Every structure is written in structure tokens, then in C-alpha cells.
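K.L.:
show me the folded form of this:
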Amino acid sequence: MLSFKILQNFFSGGGGGPNKAAQQLEDLLSKLEGLQADLLRVKSTLTNAASTQFVVVSIPTQLAVLESRRLVQSLHGQVIMD
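P.N.:
Down below sits the predicted model:
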């Protein structure tokens with residue numbers, strides 16, 4: 001929500017002038033870069049077969065089994081599960 005307010009202030013011209021808006025955008029960019037690094041680390045962990053294993057556990061209902069199958073197909077499609 002804070003990021004939306006930063007962008008809204010920047011594009012509306014309000015909230016402290018161009019220097020403050022530039023600093024807020026720089027802060028936002030820094031946070032996005034940090035998030036990108038975190039996501040790359042998570043992806044690396046999830047796709048590393050030596051350190052990650054998925055075990056699907058489900059209750060014995062038709063819907064749960066179908067959802068479990070869909071999960072397994074999705075993991076295969078993402079090359080996360082062999």
C-alpha cells in the first residue's frame with residue numbers, strides 16, 4: 001500500500017516536491033530489487049533437487065485428489081518436480 005502512495009504522489013505532483021518523489025522512487029526501486037533477489041533465491045531452492053523434495057499429502061476426497069493431481073502437474077510443468 002505504501003508503494004502505491006509513493007507512485008500516486010509522484011504522478012500527482014504532490015507530497016514534498018521532486019526531490020522527495022525521486023528519493024521515494026529510489027527507495028521503491030531498492031525494495032523491488034531486494035524482492036527480486038529473494039524470489040530468485042526461492043526459485044533456486046525450489047528447483048534444486050538435492051535440497052528440495054515435494055511430498056503431496058491429501059485427504060481422500062475427489063476434489064482433494066483432483067487438486068493434488070493439478071499441483072503435481074503444475075510442479076512438473078515448472079520443472080520443479082521429477
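
K.L.:
how close does residue 73 sit to residue 56?
P.N.:
To residue 56, residue 73 is 11 Å away according to CB to CB, to the nearest Å. The C-beta positions use only the backbone N, C-alpha and C, and glycine is treated the same way.

K.L.:
the lengthiest helix in the chain packs against which elements?
P.N.:
When the chain is parsed with DSSP state H, its longest helix is helix 17-46. Packing partners of helix 17-46 (3 or more CB pairs under 8 Å, 6 or more residues apart in numbering; DSSP states H and E): helix 2-12.

K.L.:
re earlier: give the rounded mean pLDDT of the longest helix of the chain.
P.N.:
Across helix 17-46, the average pLDDT comes to 89.

K.L.:
give the buried residues for it.
P.N.:
Buried positions in helix 17-46, judged by neighbour count with 16 or more other CB atoms under 10 Å: 21, 24, 46.

K.L.:
what's the closest of these to residue 79?
P.N.:
residue 46 (10.0 Å; CB to CB).

K.L.:
returning to that earlier point: could you dump the buried residues of helix 17-46 to a markdown table with distance to residue 68?
P.N.:
Output for those, formatted as a markdown table (distance: CB to CB, whole Å):
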| residue | distance to residue 68 |
| --- | --- |
| 21 | 48 |
| 24 | 44 |
| 46 | 18 |
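
K.L.:
so what are the domain limits for the chain?
P.N.:
The record's domain split for the chain, according to automatic domain parsing, is 1-46, 53-82.

K.L.:
pLDDT (mean, whole number) over the helix or strand that the longest helix of the chain is followed by?
P.N.:
Counting by DSSP states H and E, the next helix or strand C-terminal to helix 17-46 is helix 62-77. What helix 62-77 shows for mean pLDDT is 94.

K.L.:
do you know how far the most centrally placed residue in the chain is from residue 52?
P.N.:
The chain has residue 39 as the residue nearest its centroid, 5.9 Å off, counting by CA atoms, centre = their mean. Taking CB to CB as the criterion, residue 39 is separated from residue 52 by 15 Å.

K.L.:
equivalent analysis for residue 74, please.
P.N.:
From residue 74 to residue 52 the distance is 15 Å (CB to CB).
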